[in-house]
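Q: Just a sequence and a predicted model for now, questions to come.
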Amino acid sequence: MKQESREQSAIVLRLLEPLGVVLELDEYRQIAKDCRVAEWGLEVCKTFVRTAGQNQDDQDAIWNEARIVLHFTVIVAGDGPINQRDARLTWQGPSRLSIQEPTDCGWLIDYIMHYHNSDHIAVIDAMIALSKLPHVKFNPSRTPAMVEVIVSSLASEQPPALRGAALRAAHACRNIIFGSYMPTHLFPKFSAALHSALTESDSPRQHLFYLQILYSCAKSEAWRAHILGHGHHSSHLHIANAFPYPNIDPLLSEHLALYIIANLQVMQGLSDRPLDLPDAHSCRMLVPKAWHSLVVRPTGYLKETIEHLSAFTRDRLDERMILGTDSELISYIGQTLGQLRLSGSDIRLISAVDQLLQYITNPQDSNS
């Protein structure tokens with residue numbers, strides 16, 4: 001990096017700390033978002049990281065400059081300052097960065113690798129930044145190393161904020177993790193670390209991330225064998241039978257219900273014996289909420305759960321754990337079917353919901 005550029009960047013960096021304090025105030029944060037200050041920060045940090053990798057001169061100073069810029073970027077992007085003792089500060093409904101196209105964020109993985117043994121705050125910043133990207137993309141060859149860092153960051157002795165950020169990073173990277181080559185020793189380690197993250201958290205949003213990660217795991221032939229281990233099924237029953245969570249956003253509650261059911265159905269399909277179910281009272285609460293989540297948000301990744309939800313619903317109807325006379329449930333299933341038809345969804349999904357609706361409203365015809 002040229003001397004003039006280093007001097008100019010030093011001036012900018014000296015301004016970032018006081019500017020970050022100002023932008024922690026809500027009334028100024030929106031201005032920063034409108035001006036895409038966080039996106040600018042990511043680009044600057046990426047430049048520093050790549051420069052540090054190519055330049056042996058002043059390497060430590062360049063990495064430190066990258067750390068200052070990324071910390072400022074995370075503050076601007078919406079989560080506020082990082083406090084290692086308070087995991088809640090890393091879970092305040094973060095906004096997505098306004099980056100439209102998938103871009104290679106391998107430099108963020110390099111940043112995490114550089115700091116993971118020396119600076120928890122820097123790693124938290126990078127994991128939060130990663131989770132804010134609408135499209136996470138990096139070379140799959142980096143995945144095993146990233147999974148190792150996530151596993152170590154989820155350990156119970158780590159600060160709560162680091163564990164929370166690691167779970168977010170795992171959630172953001174889940175499609176890459178489960179679609180990449182992985183040394184066999186990492187399968188049980190990641191599964192056990194994921195389960196420990198659930199048992200040590202009382203955050204509904206963290207629970208949802210755990211459920212969605214596990215559901216993605218089931219799509220991988222190499223990974224799905226580990227779903228039935230490490231207490232995942234019993235944890236799902238515990239969450240289901242404690243449902244609903246008090247004082248949480250209704251949509252979040254419904255998404256939790258959807259993925260509890262989807263995962264239970266996945267696990268039953270993988271088991272060679274009948275698995276325990278939530279009690280009837282819990283099923284009667286979970287099933288309508290799960291269907292309503294599809295009505296409220298009929299497109300996107302939630303649609304992947306439709307076949308599992310349909311199968312679970314029919315099985316519970318057969319067992320009389322839920323009632324086919326529930327007009328609210330019938331309405332939600334009918335609305336889901338209508339939305340699937342209007343959006344031109346996969347015929348397999350439409351058929352699954354249509355058959356379920358016919359089974360409820362015309363049981364005699366369905367059985368004939």
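A: That came through fine.
Q: can we go C-alpha only for contacts and neighbour counts from here?
A: Will do.
Q: Count the neighbours of Asp346 for me.
A: Using other C-alpha atoms under 10 Å, Asp346 has 11 other residues around it.
Q: now Glu307
A: 18.
Q: any idea how far Asn362 is from it?
A: 20 Å (C-alpha to C-alpha, to the nearest Å).
Q: do the same with Asn247
A: Taking C-alpha to C-alpha, one finds Asn247 at 38 Å from Asn362.
Q: nearest spatial neighbour of Leu258, skipping sequence neighbours?
A: The shortest distance from Leu258 to any non-neighbouring residue, by C-alpha to C-alpha, 6 or more residues apart in numbering, is to Ala290 (4.2 Å).
Q: Dump the C-alpha coordinates for the helix or strand hosting that neighbour into PDB.
A: Assigning secondary structure by DSSP states H and E places Ala290 in helix 280-296. Output of helix 280-296 as PDB, limited to C-alpha atoms (Å, rounded to 0.1, in the frame of the first residue of the first chain):
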ATOM      1  CA  ALA A 280     -51.600 -33.900  22.000                       C
ATOM      2  CA  HIS A 281     -52.000 -30.400  23.600                       C
ATOM      3  CA  SER A 282     -48.700 -29.200  22.100                       C
ATOM      4  CA  CYS A 283     -49.600 -30.700  18.700                       C
ATOM      5  CA  ARG A 284     -52.900 -28.900  18.600                       C
ATOM      6  CA  MET A 285     -51.000 -25.600  19.100                       C
ATOM      7  CA  LEU A 286     -48.100 -26.300  16.800                       C
ATOM      8  CA  VAL A 287     -49.900 -27.500  13.700                       C
ATOM      9  CA  PRO A 288     -52.200 -24.500  13.100                       C
ATOM     10  CA  LYS A 289     -49.400 -22.100  13.800                       C
ATOM     11  CA  ALA A 290     -47.100 -23.900  11.400                       C
ATOM     12  CA  TRP A 291     -49.700 -23.700   8.600                       C
ATOM     13  CA  HIS A 292     -50.400 -20.000   9.400                       C
ATOM     14  CA  SER A 293     -46.700 -19.300   8.900                       C
ATOM     15  CA  LEU A 294     -47.000 -20.500   5.300                       C
ATOM     16  CA  VAL A 295     -50.100 -18.300   4.800                       C
ATOM     17  CA  VAL A 296     -48.300 -15.200   6.100                       C
END
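Q: Which strands and helices lie in contact with the following helix or strand past that helix?
A: Per DSSP H and E, the first helix or strand lying C-terminal to helix 280-296 is helix 306-318. If you count contacts as 3 or more C-alpha pairs under 8 Å, 6 or more residues apart in numbering; DSSP states H and E, helix 306-318 packs onto helix 250-270, helix 280-296, helix 347-361.
Q: Any idea how far the first one is from the middle of the chain?
A: Relative to the mean C-alpha coordinate of its chain, helix 250-270 is positioned 14 Å out (C-alpha atoms, centre = their mean, to the nearest Å).
Q: hang on, the earlier thing: between Asn247 and Asn362, which one's more packed in?
A: For Asn247 versus Asn362, neighbours defined as other C-alpha under 10 Å are more numerous around Asn362 (12 against 7).
Q: so what pLDDT did Trp2 get?
A: Just so we're on the same page, residue 2 is Lys rather than Trp. On pLDDT, Lys2 comes in at 48.
Q: sec struct for Pro244, please.
A: Secondary structure, DSSP: H, G, I helix; E, B strand; the rest coil: Pro244 is coil.
Q: Pretty sure Ser253 is one of the things it touches, is it not?
A: Yes - in this structure, Pro244 is within contact of Ser253 by C-alpha atoms under 8 Å, at 7.0 Å.
Q: sorry, back to before: may I see the helices and strands packed on helix 306-318 arranged in a markdown table, with mean pLDDT and distance to Leu194 as well?
A: A markdown table is the format used below for the helices and strands packed on helix 306-318 (pLDDT from 0 to 100; distance: least, C-alpha to C-alpha, whole Å):
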| stretch | mean pLDDT | distance to Leu194 |
| --- | --- | --- |
| helix 250-270 | 95 | 15 |
| helix 280-296 | 94 | 23 |
| helix 347-361 | 94 | 30 |
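Q: Need the ones you listed in TSV (columns: distance to Thr143).
A: Shown next, in TSV, are these (distance: least, C-alpha to C-alpha, whole Å):
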stretch	distance to Thr143
helix 250-270	24
helix 280-296	32
helix 347-361	32
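Q: Reformat the ones you listed into CSV and put mean neighbour count next to each item.
A: Output for these, formatted as CSV (neighbours: other C-alpha atoms under 10 Å):
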stretch, mean neighbour count
helix 250-270, 22
helix 280-296, 21
helix 347-361, 17
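Q: which one of the ones you listed lies closest to Cys45?
A: Nearest to Cys45, of all these, is helix 250-270, at 33.0 Å by C-alpha to C-alpha.
Q: Identify the residues contacting the closest one?
A: Residues from elsewhere that reach helix 250-270, judged by C-alpha atoms under 8 Å, 6 or more residues apart in numbering: 204-205, 207-208, 211-212, 214-215, 218, 225, 227-228, 233, 236, 239-240, 244-245, 274-275, 286-287, 289-293, 305, 308-309, 311-312.
Q: That concludes my questions; thank you for your assistance.
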